[in-house]
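Visitor: Here's a sequence, model it:
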Amino acid sequence: MDVFKAIKERRSYRSFLPEPISEEATEKILEAAIWAPSPLNTQPWEFIIITKEEVKGKIFSEAERCINRSSCP
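Guide: I've put the predicted structure just below:
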């Protein structure tokens, strides 16, 4: 795929289905991310998979709080 076309046609999703992603799909996504290029092949990222609704809710609340303030810790 042409890079310019991919950039122009990209989509941002603001809402998601309530069903969780299967473990198989999660593993496939992580494998793709692991193979993504990085500067000097350093792969400096870490991935955290959050499946508990309580934890997701806390993260969402904190993100909302930070958006509504000029600075966040």
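
Visitor: Contacts made by the longest helix seen in the chain with the rest, please.
Guide: For the chain, the longest helix by residue count, based on DSSP state H, is helix 53-67. By Cβ atoms under 8 Å, 6 or more residues apart in numbering, the residues outside helix 53-67 that reach it are Ile50, Cys72. Any C-beta I mention is one placed from the backbone N, CA and C, and that applies to glycine too.

Visitor: mind running it again at 10 Å?
Guide: Residues outside helix 53-67 that contact it (Cβ atoms under 10 Å, 6 or more residues apart in numbering) are Pro18, Pro20, Ile48, Ile50, Lys52, Cys72, Pro73.

Visitor: helices and strands of the chain: which one has the lowest mean pLDDT?
Guide: Least confident element among the helices and strands of the chain, by mean pLDDT, DSSP states H and E: helix 3-8 (a mean of 86).

Visitor: ok so, going back, how far off centre is the longest helix of the chain?
Guide: Centroid separation between helix 53-67 and its chain, computed with Cα atoms, centre = their mean, to the nearest Å, is 14 Å.

Visitor: likewise stretch 42-55?
Guide: A distance of 8 Å separates the centroid of the chain from that of stretch 42-55, by Cα atoms, centre = their mean.

Visitor: now do the same end-to-end measure for it.
Guide: 30 Å (Cα to Cα, to the nearest Å).

Visitor: start the count at 55, not 1, going forward
Guide: Sure, I'll start numbering at 55, so the last one becomes stretch 96-109.

Visitor: Give me the mean pLDDT for that stretch.
Guide: The pLDDT scores in stretch 96-109 average 88.

Visitor: for stretch 114-127, same thing?
Guide: 78.

Visitor: Can you list the buried residues in that stretch?
Guide: Residues of stretch 114-127 classed as buried: none (neighbour count, 16 or more other Cβ atoms under 10 Å).

Visitor: Quick check: next helix or strand after the least confident helix or strand of the chain?
Guide: Sequence order places helix 77-88 as the next helix or strand after helix 57-62, per DSSP states H and E.

Visitor: Mind listing what's buried along that following helix?
Guide: So, applying 16+ other Cβ under 10 Å, helix 77-88 has no buried residues.

Visitor: Now find how far off-centre stretch 62-79 is within its chain.
Guide: 9 Å.

Visitor: This completes my enquiry, with thanks.
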